[in-house]
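>>> starting from these lines, generate the structure:
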Amino acid sequence: MSSKERNALFSTLFCLLFLIVGKVLMTLSQPVYPLFFILAIISGGWKQTFEGVSELLNERTLNVDLLMALAAIGACLIGNWFEGAMLTFIFCLSGTLEEYATNKSKKEITALMNVTPNEALKICGTEHIATPVEKINVGDLVFVPKGQAIPIDGRMLNASLIDESAISGESVPVEKKINDEAFSGTINLGHTFTLEVTKTSDSTLFAQILRLVEHAQNEQSATATFIEKIENIYVKIILCAVPLMILLTHFLLGWSFTESFYRGMVLLVVASPCALVASATPATLAAISNGAKKGLLFKSGKTLEKLADLHVISFDKTGTLTQGDPHVTDYKSFSDNPVIPQLFLSMEKHSTHPLAVAITTFFSDEDSLQLKVEEKAGFGLETNYLNQTWRLGKPLENQTHPLIEQWHKEGKTVVVLSQNNQLAALIALIDLPKPHTKEVIDYFQEQGIQTIMLTGDNFGAANYVAQQVGLSNFYSGCLPADKTRLVKEQQQDATINAMVGDGINDAPALATASIGIAMGEGTDVAMEVADMVLMKNDLTKLTYSHRLAKKMKRVIRQNIVFSLSVIILLIASNFLQFLTLPLGVIGHEGSTILVILNGLRLLLPLKELDRFNKSSCVTCPLYKATL
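Numbers count the residues shown, from 1 in each chain. So this is what the prediction gives:
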């Protein structure tokens, strides 16, 4: 419990205690009972009154706290001591619950700060010395025990199993290999290992996450900002309406002055916009916290509001829609010679080219041959096996075949294996879409949102990926300036557009779009300029964020309609003269609490869509070619 919550709780308890004592003494007709009601008002209302007066003097603005204080004082002036004290108690209780409820969403993120250790076991020779993470430098070696949180970002010098749920929101642990990157705040579930530090404590991925979330929680949404702006005007209107009501009902309707004054005090309470003010901020904070737990970082509540009204979303191709690494999609051998697959494996083992990695993976079940392989500049690899010259590489000008032309048109990279300059086999590779990419695109199109791909790749590759995942449109051969120009053109037709990318070349477009969305495993530049970050390169999180944004918009709309309806109902009841001050306070503050609790529903995780069931079949037919 925070100090603010503790102070609010004690104020409420003391207020209740004095209220009960005063009520008992009043029942026993003891003349000192008003003193205890005054003590109840002071103990329960001093904080709100102090804040209201301070805001009036320092910022020249009026808020609802001042209205409550004036209503309590007014009730006492006409001898309704109990009503004034009851008003203060219920308002104080509401404030305590509001403080707790509002802080609930912040606590979800504050808990993350306790995940990262303050110290690291720095390796100095044969000793492990506990050292503050602030004093750990790049290049230092750190020992990470089993079951402990990784204290700082670095390169793993041993393999282990890591729980990265605090960063990515993914509950399944990740198998980390030697030279893989490990992040602070994640948990070592496997064996102990040594970490070579690659970032200082203030520049780790976890530190960036905390800065982004804190910034988002401190920056209000557009709706919350608007409500805050009208609060001052609204309070002034109420302060003017109360004396007018007292005078008009007394002189025109013939009410007694005491009744008119009492109704004026009730109006001060029930017309106060407490519930309206609380309609947006708790809901926005809860949504931001929900996203952070799922590996979705929003830099402000405004991003969530815009996302709910999205019209067009553009994607970079490589590393965003696709996996970023080539995979074998087609294989054609022109003979039944069993040595051909073995030659593909054995020759490509001598190369570190990404294509070679994909080919050796494809033929990993074949037997390896002992070959002497020579690299030929401009062509590829060459070897001599059983007195035959075998060459492996891109097609030469004199090597033509209908499949080569077809695969090139489809944007695939073609690799040729020739035997004594005669075609022996062909293999085609392409950068495949990520799992569930098509389902993500289908989701946005079902929502009436255009899906566009902006890529620097050639037309054939772009066209093939666009067809596989079902994009609305695509543009190939785009330079960074072209992507930026196309994003600007979208904004002329669509009010709100988004750009999703991961590279430096995407940064200008990310900064230009209404919503820039960076893939968390991309470059730091892209993450810096974006409005939103997917901590894991999982596009299904993008649909989660859109659904979360739409739910937040619905909740805020519900809160606004409900709070305004309650205010109108209570004001009407007050004019009909059957609404008492305590009932008015209960109705008013009860609506405030309900609005906050409704907003806190956004802390609950959304149900995953069936189409993203990890055990379901991948719809893209290209995946079947790699199995």
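>>> low-confidence stretches in the stretch 501-627 of the chain?
503-504, 521-527, 612-627 (pLDDT under 70).
>>> strands of that one, residue ranges please.
Taking DSSP state E, counting those that start in this stretch as the criterion, the stretch 501-627 of the chain contains strands spanning 515-519, 532-534.
>>> which helices and strands sit right next to the last one?
Under the contact criterion of 3 or more C-beta pairs under 8 Å, 6 or more residues apart in numbering; DSSP states H and E, strand 532-534 touches strand 296-298, strand 515-519, helix 540-575. All C-beta atoms are positioned from the backbone trio N, CA, C, and that covers glycine.
>>> pull out the buried residues from it.
Met532, Val533, Leu534 (16 or more other C-beta atoms under 10 Å).
>>> equivalent analysis for stretch 543-559, please.
Across stretch 543-559, burial judged by 16+ other C-beta under 10 Å covers 543-553, 555-556, 559.
>>> any idea what the residue nearest to Gly139 when sequence neighbours are not counted is bridged to?
In space, and not counting its chain neighbours, Gly139 is closest to Val197: 6.3 Å by C-beta to C-beta, 6 or more residues apart in numbering. Going by DSSP bridges, Val197 is paired in beta bridges with Gly154.
>>> list the contacts of Val197.
By C-beta atoms under 8 Å, 6 or more residues apart in numbering, the residues touching Val197 are Ile136, Asn137, Val138, Gly139, Asp140, Leu141, Val142, Ile152, Asp153, Gly154.
>>> recalculate using a threshold of 10 Å.
By C-beta atoms under 10 Å, 6 or more residues apart in numbering, the contact set of Val197 is 120, 122, 133, 136-142, 151-155, 184, 204.
>>> picking that back up, closest one to Pro31 among the helices and strands packed on strand 532-534?
Pro31 sits nearest to helix 540-575 of all the helices and strands packed on strand 532-534, at 31.5 Å, using C-beta to C-beta.
>>> what angle separates that closest one from strand 515-519?
Put simply, helix 540-575 runs at 140 degrees to strand 515-519, going by axes from the mean of the first three to the mean of the last three C-alpha atoms, to 10 degrees.
>>> quick one: distance of helix 540-575 to the chain centre.
A distance of 21 Å separates the centroid of the chain from that of helix 540-575, by C-alpha atoms, centre = their mean, to the nearest Å.
>>> ok, now stretch 25-40?
Remark: stretch 25-40 is offset 53 Å from the chain centroid, using C-alpha atoms, centre = their mean.
>>> what's the burial count for the closest residue to Ile593 other than its chain neighbours?
Nearest residue to Ile593, sequence neighbours excluded (C-beta to C-beta, 6+ apart): Leu97, at 5.5 Å. For Leu97, the tally of surrounding residues (other C-beta atoms under 10 Å) stands at 17.
>>> name the element Leu97 belongs to?
Using DSSP states H and E, Leu97 maps to helix 81-113.
>>> same check, this time on Phe261
Per DSSP H and E: helix 257-270 holds Phe261.
>>> what's that helix packed up against?
The helices and strands touching helix 257-270, judged by 3 or more C-beta pairs under 10 Å, 6 or more residues apart in numbering; DSSP states H and E, are helix 64-77, helix 81-113, helix 222-251, helix 540-575, helix 581-600.
>>> since that was my last question, I'll sign off now.
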